[in-house]
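> Below is the structure, and that's it, no one-letter string:
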């Protein structure tokens, strides 16, 4: 029946949009949770088997990542001085119950004397998400400092490929170092 | 009738996505309007009874907020020197004709000598929106400087609760000061 | 037939949401591509007749813009030192096969000695998009440094008008310089 097909098609397209928005919400929840020491929220948005590679250290499991927020001395020190864990709007690719995304991450720290915030870290961020019975969860996040290294360039390059942004016929881009 | 139910369900889901996007647009309109002194735009995106607590001062009513853009000496000075009122993509929760959101806000100022922009303020931002006969409007915005204070942490914490990000069974997060 | 009308209406609304998301994805792909020297991706997201006015120089055609990424000495130097080409979530207005958007753009550069990133440029960004047989493409991007100049204010003001944010009855905003 034609109407049935159209309805099924619409339901599929709406579900795709809902997934996109759900992933936006998930990613953007992290920063306020990290800045406020909300380890319960950080636990809730991560998959039990999640991995977070901050570029400085790797944290494993939603419990391990929540523990970092709750008690890692460096995180507590950053929070106490005034921090902003920020991210740009991500590029997202959903494929069934998996999704991948990339964006920029930032960690700013308050400098009272300078009456300003120092942009301490700016990173290339790649993420993976999994759909669970409890909704989408962050499954993997890997940050790489944008220090000009080949590794940081390759990180974004791999992310662009993962979200389907690299044209099929693409050869290696010119001059981005060894690959 | 089954099709009718499916249609009604789809209409509801699409309306929810449209609300989400409408709130994105409303929030992201503020920065370019503030930076360009477009007090008419600032008036149009706020509810007549809106309140804007910048963390430095409280402005009341869409007229009061528009007047701030048009003639507050500090705002005019910031604009004249070169400003960027920026926000991260918000986390949004819509509930009928009300919505709440949280994000990071930033105010950057051009420093010609340094050939750079100074990140003067970075804030925890909580927002409330109301649906009116003229579409969604900003009803309340409260910024708190991310200076490491308990008040700033609590502001984001309260925002996370308002958008439904805090798990139901949550007890207080560890070590974020008194609550 | 009533159901047919409802279905047609829903299809139209979903298509509008899909356009909005497609434009988000397109814009947010640029930064990671620019930072990683992915000239193939930069070529793919631009219309063959695109124009990119960075505020420092104008680049023409998707080939010209891709060449800038691949071989412009200033771009290669910025990349080699560590760069973040960032953008805020845009305000978007779609009208048939054309779309317009505005947002803030940023170019941050790594400063190893300072252990921080310098916000070198923050710009008012206006964009135009065209729908092609190969999907939406960036057709025009114009950045203006937010240095307090009337030109930069006017750039955002014009963008607000282009996305439909300026109220119909609007007169010129107060005190934003000559218009």
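Yes, it's here. On a predicted model such as this, the values are computed, not experimentally measured, just so you know.
> Also compute the angle for the lengthiest strand in chain A relative to strand B:116-132, please.
For chain A, the strand that runs over the most residues, judged by DSSP state E, is strand A:116-132. For strand A:116-132 against strand B:116-132, the angle by axes from the mean of the first three to the mean of the last three C-alpha atoms, to 10 degrees is 50 degrees.
> Show me what counts as buried in strand A:116-132.
A:116-129, A:131 (16 or more other C-beta atoms under 10 Å in any protein chain shown). In short, each C-beta sits where N, CA and C put it, glycine included.
> In contact with residue A:98, which residues?
By C-beta atoms under 8 Å, 6 or more residues apart in numbering or on different chains, residue A:98 lies in contact with A:128, A:129, A:130, A:131.
> and which of the buried residues of strand A:116-132 is nearest to residue C:103?
Taking C-beta to C-beta as the measure, residue A:122 is the one of the buried residues of strand A:116-132 closest to residue C:103, at 17.8 Å.
> re the thing from before, the longest strand of chain A - contacts with which helices or strands?
Under the contact criterion of 3 or more C-beta pairs under 8 Å, 6 or more residues apart in numbering or on different chains; DSSP states H and E, strand A:116-132 touches helix A:2-35, strand A:98-111, strand A:135-145, helix A:150-162, strand B:116-132, strand C:98-111, strand C:116-132.
> wait, which of these is closest to residue C:17?
Closest among the helices and strands packed on strand A:116-132, using C-beta to C-beta: helix A:2-35, at 5.4 Å.
> ok, the next helix or strand after the closest one near chain B or not?
Using DSSP states H and E, the helix or strand that follows helix A:2-35 towards the C-terminus is helix A:39-45. Yes. Counting by C-beta under 8 Å from any C-beta of the partner chain, contacts between helix A:39-45 and chain B involve A:39, A:40, A:41, A:43, A:44, A:45.
> my read: residue A:81 touches residue A:113, true?
No. Using C-beta atoms under 8 Å as the test, residue A:81 is too far from residue A:113 to be in contact (11.7 Å).
> Of the two, give the one with the bigger neighbour count.
Per other C-beta atoms under 10 Å in any protein chain shown, whichever of residue A:81 and residue A:113 has more neighbours is residue A:81, with 14 against 5.
> Nearest residue to the more buried one in space, please, no chain neighbours.
Nearest non-adjacent residue to residue A:81, counting by C-beta to C-beta, 6 or more residues apart in numbering or on different chains: residue B:148, 5.0 Å away.
> Quick one: residues contacting the one you found.
Contact analysis of residue B:148 by C-beta under 8 Å, 6+ apart lists A:79, A:80, A:81, A:82, A:83, A:110.
> now, among the residues you listed, which is nearest to residue C:61?
Nearest member of the contacts of residue B:148 to residue C:61, counting by C-beta to C-beta, is residue A:83, at 42.8 Å.
> Run through the bridge partners of the closest one.
residue A:109 (DSSP bridges).
> What residues does residue A:156 make contact with?
Residues near residue A:156 by C-beta under 8 Å, 6+ apart: A:102, A:124, C:32, C:33, C:35, C:36, C:38.
> Filter the residues you listed down to the buried ones, ChimeraX style.
Listed next is the ChimeraX selection for buried residues among these, using 16+ other C-beta under 10 Å:
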select /A:102,124 /C:32,33,35,36,38
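> Pull up the gap between the residue nearest in space to the middle of chain A and residue A:37, please.
With the centre of chain A defined as its mean C-alpha position, the nearest residue by C-alpha atoms, centre = their mean is residue A:127, 4.4 Å away. Residue A:127 sits 22 Å away from residue A:37, going by C-beta to C-beta, to the nearest Å.
> again, but for residue A:149
31 Å.
> Neighbour count: the two, which is higher?
residue A:37 (25 against 15).
> doesn't residue B:154 make contact with that one?
No. The pair residue A:37 / residue B:154 is not scored as a contact, 10.3 Å apart, by C-beta under 8 Å.
> Sketch out the low-pLDDT regions of chain A for me.
A:1, A:170-179 (pLDDT under 70).
> try 50
A:170, A:175-179 (pLDDT under 50).
> Run through who's touching the stretch of helix or strand residue A:67 belongs to.
Per DSSP H and E, residue A:67 falls inside helix A:61-71. With contacts defined as C-beta under 8 Å, 6+ apart, helix A:61-71 is touched by A:33-34, A:37-40, A:42-44, A:46-52, A:59, A:75, A:137, B:173-175.
> now swap in stretch A:72-85 and tell me
A:30-31, A:34-37, A:56, A:68-69, A:105-110, A:112, A:117, B:104, B:122, B:145-149, B:152-153, B:175.
> next one: stretch A:38-53
Surrounding stretch A:38-53, the residues in contact under the criterion C-beta under 8 Å, 6+ apart are A:26, A:29-30, A:32-34, A:58-63, A:65-70, A:130, A:132, A:137-143, B:156-157, B:160, B:165-167, B:170-171, B:173-174, B:176.
> Buried residues, that stretch. List them.
Buried residues in stretch A:38-53 (16+ other C-beta under 10 Å): A:38-47, A:50-52.
> Also stretch A:91-102?
Neighbour-count burial for stretch A:91-102, counted by 16+ other C-beta under 10 Å, picks out A:91, A:92, A:93, A:94, A:99, A:100, A:101, A:102.
> Need these in JSON lines (columns: distance to residue C:19).
Below are these laid out as JSON lines (distance: C-beta to C-beta, whole Å):
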{"residue": "A:91", "distance to residue C:19": "16"}
{"residue": "A:92", "distance to residue C:19": "16"}
{"residue": "A:93", "distance to residue C:19": "18"}
{"residue": "A:94", "distance to residue C:19": "17"}
{"residue": "A:99", "distance to residue C:19": "21"}
{"residue": "A:100", "distance to residue C:19": "22"}
{"residue": "A:101", "distance to residue C:19": "20"}
{"residue": "A:102", "distance to residue C:19": "22"}
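> So of those, which two are at opposite extremes in space?
It's A:94 and A:102 that sit farthest apart of those, by C-beta to C-beta, at 13.6 Å.
> nearest to residue A:7, of the buried residues of strand A:116-132?
Checking those against residue A:7 with C-beta to C-beta, the nearest one is residue A:131 at 22.5 Å.
> and the gap between the closest one and residue B:132?
Relative to residue B:132, and taking C-beta to C-beta, residue A:131 is found at 36 Å.
> Residue A:158 too?
Noted for residue A:158: a distance of 46 Å to residue B:132, by C-beta to C-beta.
> what about the closest residue to residue A:22 other than its chain neighbours, distance to residue A:82?
Closest residue to residue A:22 apart from its sequence neighbours, by C-beta to C-beta, 6+ apart: residue A:136 at 4.9 Å. To residue A:82, residue A:136 is 30 Å away according to C-beta to C-beta.
> same question, residue A:8
Computed with C-beta to C-beta, the distance linking residue A:8 and residue A:82 is 51 Å.
> more crowded one of these two?
Neighbour tally, residue A:8 and residue A:82, criterion other C-beta under 10 Å: the higher count belongs to residue A:82, 21 against 11.
> before we move on, back to that, and the contacts of residue A:98, which is closest to residue B:20?
Closest approach between the contacts of residue A:98 and residue B:20, by C-beta to C-beta: residue A:129, at 18.1 Å.
> For the closest residue to residue A:140 other than its chain neighbours, list the residues it contacts.
Excluding the flanking residues, the one nearest residue A:140 by C-beta to C-beta, 6+ apart is residue A:128, at 4.1 Å. Going by C-beta under 8 Å, 6+ apart, residue A:128 touches A:98, A:99, A:100, A:101, A:138, A:139, A:140, A:141.
> Just flag the most distant two among those residues.
Using C-beta to C-beta, the pair of the contacts of residue A:128 lying farthest apart is A:98 and A:141, separated by 14.5 Å.
> Quick one: end-to-end length of stretch A:124-141, please.
10 Å (C-alpha to C-alpha, to the nearest Å).
> Any idea how far that stretch is from the middle of the chain?
Here the centre of stretch A:124-141 is set off from its chain's centre by 8 Å, with C-alpha atoms, centre = their mean, to the nearest Å.
> Understood, closing this out.
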